[in-house]
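generate coordinates for the sequence data below:
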Amino acid sequence: MNSTTLLTHLMDTLSDGVFFKDRKGRFFRINGVLASWFGLGHPDEARGKSDADFYPKEFARALRESEAVILDRGIPVVDQEEKVVGRDGKARWISTTKVPVRDPKGKISGILGISRDIRGLKSAEEKTRDSEAIYRSLIEALPQAIFRKDRDGRYVYVNQRLCELVGLTPGDFLGKTDFDTNPKDLAAKYRRDDKLVMTHEKIFEAVEPFKTKDRLIKIRVFKTPVYDARGRVVGVQGIFSRLSESIHAE
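All right, here's what the predicted structure looks like:
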């Protein structure tokens, strides 16, 4: 089996769109997948045509300009995500890798590209963002103070209620530890409790002091481990509510 036959078999087998272009941006070979994206009946119908024949004018021009870097410098483009809108108005998210094609003398003679349809991935990302937005809306609506920290005790999330209690902004918290935002003795206690939660993977509940922006109050706090997708403990999260206006009030 010769190399041409092998290449044809590979292009016809892949579920990704594959194309070859000359230095002028004209297709001289594409596979059936890309032909279907272009609305063609056969891959040979794309021969001699360019992106301008299949995409809106401005998008085709942008593709041509980006490919000039590959042709002039030999620098490949790897996993570039693009929202492609065809002349029929239909949109498709694709991830494309383009590399230079060289002739026997090593001179760049064109471009080889492979494009993968990632609409499913983008849809999943959008659903994740929607879920995150709903989650944050719920968290921000609760009257309790809520926080999340990584394994090193750095804050990665705080809700507005917590910020209001201590008179800080989320930016004052994120990336900081309790030693940056609390009295030293309280910070040391909070850190010990966090380590206990992460080590033993158990819920922690306590009534303890908490320093607000203007007084020391008592709170009831619950802390639980935070797990990643593999079930590994990656931090701790907590929720607490005020028990009294100040410790001295009791």
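
spatially central residue for this protein, please.
In the chain, the residue lying closest to the centroid (CA atoms, centre = their mean) is Glu125, at 7.5 Å.

can you tell me how far that residue is from Glu132?
10 Å (CB to CB, to the nearest Å). Heads up, the C-betas are built off the backbone N, CA and C, glycines and all.

about what we covered before: buried sites along the helix or strand where the residue nearest to the centre of the chain lies?
When elements are assigned from DSSP states H and E, Glu125 belongs to helix 119-141. If you call a residue buried by 16 or more other CB atoms under 10 Å, then helix 119-141 has these buried ones: Lys122, Ile139.

ok, now how distant is the residue nearest to the centre of the chain from Trp93?
10 Å.

next one: Gly32
20 Å.

low-confidence regions, the chain specifically.
Counting by pLDDT under 70, the low-confidence segments of the chain come to 1-4, 6, 9, 86-89, 135, 244-250.

at which residues are the strands of it located?
17-22, 27-30, 77-85, 91-102, 108-117, 145-150, 155-158, 204-211, 216-227, 233-242 (DSSP state E).

between the last one and strand 145-150, how big is the angle?
Which is strand 233-242. 160 degrees (axes from the mean of the first three to the mean of the last three CA atoms, to 10 degrees).

number of nearby residues for the spatially closest residue to Phe54 that is not a sequence neighbour?
Distances taken as CB to CB, 6 or more residues apart in numbering place Phe38 nearest to Phe54, at 4.8 Å, with adjacent residues excluded. Other residues lying near Phe38 total 21 when counted by other CB atoms under 10 Å.

and Phe38, its phi and psi?
phi -80, psi -10 (degrees, to the nearest 10).

pretty sure it sits against Ala46.
Yes. Phe38 is within contact range of Ala46, at 6.3 Å (criterion: CB atoms under 8 Å).

need the residues touching each of these two.
Counting by CB atoms under 8 Å, 6 or more residues apart in numbering, the shared contacts of Phe38 and Ala46 are Ile30.

what is the neighbour count of Asp194?
The burial count for Asp194: 23, using other CB under 10 Å.

so it makes contact with Thr224?
No. Contact criterion CB under 8 Å: Asp194 and Thr224 do not qualify, at 10.8 Å.

make CSV out of the strands of the chain and add mean neighbour count.
Shown next, in CSV, are these (neighbours: other CB atoms under 10 Å):
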stretch, mean neighbour count
strand 17-22, 21
strand 27-30, 20
strand 77-85, 13
strand 91-102, 17
strand 108-117, 19
strand 145-150, 19
strand 155-158, 19
strand 204-211, 14
strand 216-227, 17
strand 233-242, 18
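
how about TSV for these, with distance to Lys184 added?
Formatted as TSV, the strands of the chain follow (distance: least, CB to CB, whole Å):
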stretch	distance to Lys184
strand 17-22	60
strand 27-30	67
strand 77-85	47
strand 91-102	50
strand 108-117	53
strand 145-150	17
strand 155-158	17
strand 204-211	11
strand 216-227	14
strand 233-242	19
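
quick one: closest of the ones you listed to Arg64.
For the strands of the chain, the distance to Arg64 is smallest for strand 17-22, at 9.9 Å, taking CB to CB.
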